[in-house]
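Engineer: Predicted model and sequence follow; I will ask about them next.
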Amino acid sequence: MIKVKINGQEQSWDGDPDLPLLWFLRDEAGLTGTKFGCGQALCGACTVIVDKEAVRACITSINDVAGREVTTIEGLHPNGDHPVQKAWRQVNVPQCGFCQAGQIMQAAALLMDNPKPSHDQIREAMSGNICRCGCYQRIENAVHLASTGV
Amino acid sequence: MNFIDNPKKLRGFEKNIKVEKVSRRSILKGLGITGGFVLAAPVMSRQAFAYETGAGKMPHGVVVDPRVFVAVAPDGTVTILAHRAEMGTGVRTSLPLIVAEEMEADWSRVKVEQAHGDEVKFGNQDTDGSRSTRHYLMPMRQIGASARTMLEQAAAKRWGVPATEVKAVNHEVVHSATSRKLGFGELAADAAKESVPSIEGLKLKDPKDFRYLGKGQIGIVDLHDITTGKARYGADVRLPGMKYAVIARPPVTGGKLVKFDPDAALKVPGVEKVMQVRGWPWPSKFQPLGGVAVIARNTGAAIKGRDALKLTWDDGANGKYDSVAYRKELEEASRKPGLVVRQEGDAEAALKGADKVVVGEYYLPHLAHVSMEPPVAVADVKGDKAEIWAPVQSPGGTREDVAKTLGIPEGNVTVNVTLLGGGFGRKSKCDFALEAALLSKELGVPVKVQWTREDDVRHDFLHTVSVERIEAGLDKSGKVIAWRHRSVAPTIASTFAAGAKNEAPFELGMGLVDMPFEIANISCENPEAAAFTRIGWFRSVSNIPRAFAVQSMVGEIAHATGRDQKETLLALIGSPRIVKPAVKDMWNYGEPLDSYPIDTARLRKVVELVAEKGEWGRQVPKGHGLGIAVHRSFVSYIATIVEVAVDDKGKLTVPRVDTAIDCGTYVNPERIASQIEGAAIMGLSLAKYGEITFKDGKVQQKNFDDFQVLRMDESPVVTNVYIVPPGPDMPPSGVGEPGVPPFAPALMNAIFAATGKRIRSLPLGKQLEA
């Protein structure tokens, strides 16, 4: 039996320990905010925060996070008012929105690590997250806004 | 010209308008509203349009009926239906916003509900072709105006005053002479009993009184849900008892399963069943490819199970498709005469007599859509009834195809449209929903079919592959006197009808025969090209290779004559006029040429605007270069300037992009800007990396590692967007797609300015590193 804390709640799994965290979250725990985009850690749509680090849930097994604390987009802030989320809305970032949970989680992790990232640091840190609609300019502006206070 | 045996197979070609009276009960039920009243108003005919659009010619035409689209609850909540699919353009906000504007509803008290797929009830729902605002600005205004008028009439009666003395203002009707007010909720019951205003008498708001339209201050309705993970896409639908499926499909289009061994797959924990899925012979429009499905308790188990399948395929007739060989065939075809699709003057003679001939052969490979949400659908089929939840651009078409595939009446099929995690044309084909329907029927439980990214890359309805060859003949003064453009590309029609080898009018009209330059001798030709895979619509479609070729050629002519790119471009566009190409069956994006002519004054205007705002001709550092391009597509006019920087090692960066768009009357400039910003990213993506290749009939790419798209660290540092203010009564035109085509040629013209290297073959790849 694998135990993992997700958004503050204890969850357990006694199936395949190799099951990617992504599918545990989406299909078993019903937390569909975390998205499937590539399955190979190439696009960042499935980004969640494990302890204080951004990880790609599609290549992280449920066993890898046993005993650790996972935060998904649903648990980032009780009212959805994390500074990154607020900045995202202020800048009107999303188009289709599908990649945005991953982008927001990546940005939140970046700001935990580096509260005042430079232009280049934002572009570098966010470059593992693909947005096919092409919202990059606004994502960059929103991360900058979140870092300076919304 | 060969096309397709039955034009009705290709949606967008049926010519009918149908409206149906819908019972009040069904509307209330449809909207999920348990109380309140629905306003009644007339069903309007096309005569009511202030300007003619092609909306009425779309399958099932237009329904202008507030009883279908608007409901007012006793608490004043106004519910407005969004009948087009949301894939990132903002349409789910923009169209209801138009209704709210005309109705004088307060947007904060408006709830938007997504319509399911029912074109008899809602009118055409094909969310493609950059058509939604273009076709629905006026109908949505009329719906809102009808509702407002009836609310005003109801208030006037209640107060016993002439209707001319009252006015709807911000969610209430006001009688200013006596300072009386009644809220929309208080009036809804009476308004529903009101006689409906005549179409002729319907008074639309003066645009100067608009609170929302043209302002760009309203965020999209899904903004909060998207940022909190609550927004529901196709993949997020979960039903009790639902099973998860992935499918192994034939690696070659039209291939067949010979045998399979499910044993290892069945041993994977969580896998419950392995079964064959019916496939259709190629081509068969959007029908599934067939294969073997692995059914499991979660998607992860299904994927792992599929990896363990042992499969033997018969590749069939397309097993020899090879992109290297095919490119040579296209190039050879482009060097010989083909079907003449536009002829003015005598291009052949003029080219022979020209002082100089500039020749360019431009190649654009297949492109995959790779929307961030791979295709996915949930189906629940019980007996002769089917319910689908899917991210589809064409819910009406999906409903038709599900009914046909299952052999049940269309009325027994419900298609629930979720948000689309990107579409770009891929999700106008509903094959994934049909797969889910087939599996659910077999299993008797709800089934979700999830495509992996590898499935998406390998089994897409790809953007065509093309060679565009242009010969421009110049006289001694450098004036272009002859233009011959041969376009060779497998046609989308080949996905509908076997053996189609010439491009359809709607492809020829995308930048080939509608070429707007003022040249005396023009020949546009379309040599044949056979298809060996599924070809489909990709955002901007044939405009991408055409703009790339035509606008790169402008750069080549500028270089050949030693003139400025922008001046050369304006000289080629020539005098302000309406271009009337000598073309039979001229495709104008389905729009009448009277409302949407090819207007070179507007084309010149966007060039001049972007040149002014984008500081054309500015000094740039060494290694930098500026490029410009303009293109009319989806009846909009767009010009782009790209600044590039290329370092000693050939590494490309894009410091700045400027784009000017004239899309006529517009609704939400903020979303227009976001579409154009995104188009620059997609344009740079395809120019830099976009290439799907085939070997032995199989796609050689699989995921974002070998089919790369642009990432943030290489995106333009800044993209500026300028919108041309519309003239009075200017019809609205497309926004979602037209931003893409001018990008690649502007980029290549900029690279030439920076390096002297002319890139005629996309993608750029490592061509600058040589």
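Structural biologist: Nice, I can see it.

Engineer: okay, CA-based contacts and neighbour counts for the rest of this
Structural biologist: Will do.

Engineer: mind checking the backbone torsions on B:Val417?
Structural biologist: The phi and psi torsions at B:Val417 (degrees, to the nearest 10) take the values phi -90, psi 120.

Engineer: Please disregard the earlier target; I meant B:Gly160.
Structural biologist: Residue torsions, per degrees, to the nearest 10, at B:Gly160 are phi 70, psi 40.

Engineer: Give me the pLDDT for it.
Structural biologist: As summarised for this prediction, B:Gly160 has a pLDDT of 97.

Engineer: what do you get for B:Gly36?
Structural biologist: B:Gly36 is assigned 31 on the pLDDT scale.

Engineer: wait, doesn't A:Val135 sit right on A:Cys96?
Structural biologist: No, residue A:135 isn't Val; it's Cys. No: assessed by CA atoms under 8 Å, A:Cys135 is found out of contact with A:Cys96, at 9.7 Å.

Engineer: Which one's more surrounded, these two?
Structural biologist: When A:Cys135 and A:Cys96 are compared on other CA atoms under 10 Å in any protein chain shown, the one with more neighbours turns out to be A:Cys96, at 29 against 26.

Engineer: B:Met87 is in contact with the more buried one, correct?
Structural biologist: Yes: between A:Cys96 and B:Met87 a contact is recorded at 5.0 Å, counting by CA under 8 Å.

Engineer: Quick check: neighbours shared by those two?
Structural biologist: B:Leu419, B:Leu420, B:Gly421, B:Gly422 (CA atoms under 8 Å, 6 or more residues apart in numbering or on different chains).

Engineer: Which members of these additionally contact chain A?
Structural biologist: Checking the shared contacts of A:Cys96 and B:Met87 against chain A by CA under 8 Å from any CA of the partner chain, the ones in range are B:Leu419, B:Leu420, B:Gly421, B:Gly422.

Engineer: Taking chain A, what residue is nearest to chain B?
Structural biologist: Distance from chain B to each residue of chain A (CA to the nearest CA) is smallest for A:Cys96, at 3.5 Å.

Engineer: burial count for the closest residue to that residue other than its chain neighbours?
Structural biologist: The spatial neighbour of A:Cys96 that comes closest, neighbours along the chain excluded (CA to CA, 6 or more residues apart in numbering or on different chains), is B:Gly88 at 3.5 Å. Burial of B:Gly88, expressed as a neighbour count using other CA under 10 Å, amounts to 24.

Engineer: Start and end of stretch A:109-122, how far apart?
Structural biologist: 11 Å (CA to CA, to the nearest Å).

Engineer: for that stretch, which positions count as buried?
Structural biologist: A:Ala109, A:Leu110, A:Leu111, A:Lys116, A:Pro117, A:Ile122 (16 or more other CA atoms under 10 Å in any protein chain shown).

Engineer: Just the ones of the residues you listed in helices?
Structural biologist: Using DSSP state H to define helices, the subset of these located there is A:Ala109, A:Leu110, A:Leu111, A:Ile122.

Engineer: who touches the nearest residue to A:Ala57 once chain neighbours are set aside in this structure?
Structural biologist: Nearest residue to A:Ala57 in three dimensions, chain neighbours excluded: A:Leu22, at 4.6 Å (CA to CA, 6+ apart). Contact criterion CA under 8 Å, 6+ apart gives A:Thr34, A:Lys35, A:Phe36, A:Cys46, A:Ala57, A:Cys58, A:Ile59, A:Thr60 as the residues in contact with A:Leu22.

Engineer: picking that back up, from the ones next to chain A among the shared contacts of A:Cys96 and B:Met87, list the buried ones, please.
Structural biologist: B:Leu419, B:Leu420, B:Gly421, B:Gly422.

Engineer: from memory A:Ser127 sits against B:Asp713, does it?
Structural biologist: Yes: the pair formed by A:Ser127 and B:Asp713 meets the contact definition of CA under 8 Å, at 5.5 Å.

Engineer: how far away is the residue sitting nearest the centre point of chain A from B:Gly241?
Structural biologist: Central residue check for chain A by CA atoms, centre = their mean: the C-alpha nearest the mean position is that of A:Met105, 3.0 Å away. Using CA to CA, one gets 31 Å for the distance from A:Met105 to B:Gly241.

Engineer: What of A:Val70?
Structural biologist: 27 Å.

Engineer: Also B:Glu518?
Structural biologist: B:Glu518 sits 64 Å away from B:Gly241 when distances are taken as CA to CA.

Engineer: go on, B:Pro59?
Structural biologist: When B:Pro59 is compared with B:Gly241 (using CA to CA), they lie 36 Å apart.

Engineer: Am I right that B:Leu749 is in contact with B:Met553?
Structural biologist: To be clear, residue B:749 is Asn; Leu isn't right here. No: in this structure, B:Asn749 sits apart from B:Met553 without contact. The criterion is CA under 8 Å, and the distance is 9.2 Å.
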